[in-house]
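*Asks:* sharing a sequence plus its predicted fold:
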Amino acid sequence: MLLDPADLRQNYDLGALDEADADADPFRQFALWFEAARQSDLMEPNAMALATVDAQGRPANRMVLLKGIDARGFTFFTNFESRKGRDIAANPRASLLFWWDRLHRQVRIEGNVETIDGAEADSYFHSRPYGSRIGAAASPQSRVIASRTELEERFRALETAHPETPPRPAHWGGYRVVPDHFEFWQGRESRLHDRLVYVPDGENWRIERLAP
């Protein structure tokens, strides 16, 4: 018999998020929370849900890994010909969601998406393990393939062709989400969660509280 998810309950009682304690800069606030997530023994603290919308308005969501953050935005890498790449080409806006369950926290980020330059993509690509580099070239991501065997044969052929330093494929690189909206969510008791949003206000950010 399947468990009824309506019976699942979790009490959120690990902390609070007050305006007085929040950093005026959402990037610094994110850095504080991200470091706490790193210290919390999470398997992938940099895992984030990436939501995109295609040219027909159909949304899609998937997990990707954050691989860079600075004052420009949040960077991840992928196949440009994947579904997410095609969505971004048609509609260059995206939403990110980080969920850190052990801290009862989530962060939502929205913004425009830009392609990072080739030199930056090359630098990250060549820092990856050899197998990951071969895999990036071998996989026609999001496309229908005949079998697992076909994929493994493509992998082996590229291993043979590039036994030491595989080049970055032209169809693989990085995107940067340039935020224009942040929301920091801290779980609270009785579902009275704290939600603080940062919205642009000239050259600064304005903090507003949302009802849970």
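*Replies:* Thanks, I have the structure now. From a predicted model like this one, the values you see are computed outputs, not experimental measurements. Numbers count the residues shown, from 1 in each chain.
*Asks:* count of neighbours near S95?
*Replies:* For S95, the neighbour count with other CB atoms under 10 Å is 18. (Glycine included, C-beta is placed from N, CA and C.)
*Asks:* tell me the SS of it?
*Replies:* Here S95 is strand, with the state taken from DSSP: H, G, I helix; E, B strand; the rest coil.
*Asks:* which residues touch it?
*Replies:* L50, A51, R108, I109, E110 (CB atoms under 8 Å, 6 or more residues apart in numbering).
*Asks:* CSV please, covering these and showing pLDDT and neighbour count.
*Replies:* CSV is the format used below for the contacts of S95 (pLDDT from 0 to 100; neighbours: other CB atoms under 10 Å):
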residue, pLDDT, neighbour count
L50, 98, 24
A51, 98, 18
R108, 98, 19
I109, 98, 23
E110, 98, 16
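*Asks:* so what's the gap between the strand or helix carrying A36 and the chain middle?
*Replies:* Here A36 sits within helix 26-38, counting by DSSP states H and E. Computed by CA atoms, centre = their mean, to the nearest Å, the chain-centroid distance of helix 26-38 equals 14 Å.
*Asks:* list the buried residues in the helix or strand that it is followed by.
*Replies:* The helix or strand immediately downstream of helix 26-38 is strand 47-53, counting by DSSP H and E. Buried residues in strand 47-53, counted by 16 or more other CB atoms under 10 Å: A47, M48, L50, A51, T52, V53.
*Asks:* same deal with stretch 105-120?
*Replies:* R105, Q106, V107, R108, I109, E110, G111, V113, E114, T115, I116, E120.
*Asks:* tell me which two in those are the farthest apart.
*Replies:* The most widely separated members of the buried residues of stretch 105-120, counting by CB to CB, are R105 and T115 (29.9 Å).
*Asks:* can you count the residues close to P169?
*Replies:* 17.
*Asks:* about what we covered before: make a markdown table from the contacts of S95 and add distance to R154 to it.
*Replies:* Output for these, formatted as a markdown table (distance: CB to CB, whole Å):
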| residue | distance to R154 |
| --- | --- |
| L50 | 25 |
| A51 | 29 |
| R108 | 37 |
| I109 | 34 |
| E110 | 36 |
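*Asks:* returning to what we had before: now, the buried residues of stretch 105-120 that are in strands?
*Replies:* Judged by DSSP state E, the buried residues of stretch 105-120 include R105, Q106, V107, R108, I109, E110, G111, V113, E114, T115 as members of strands.
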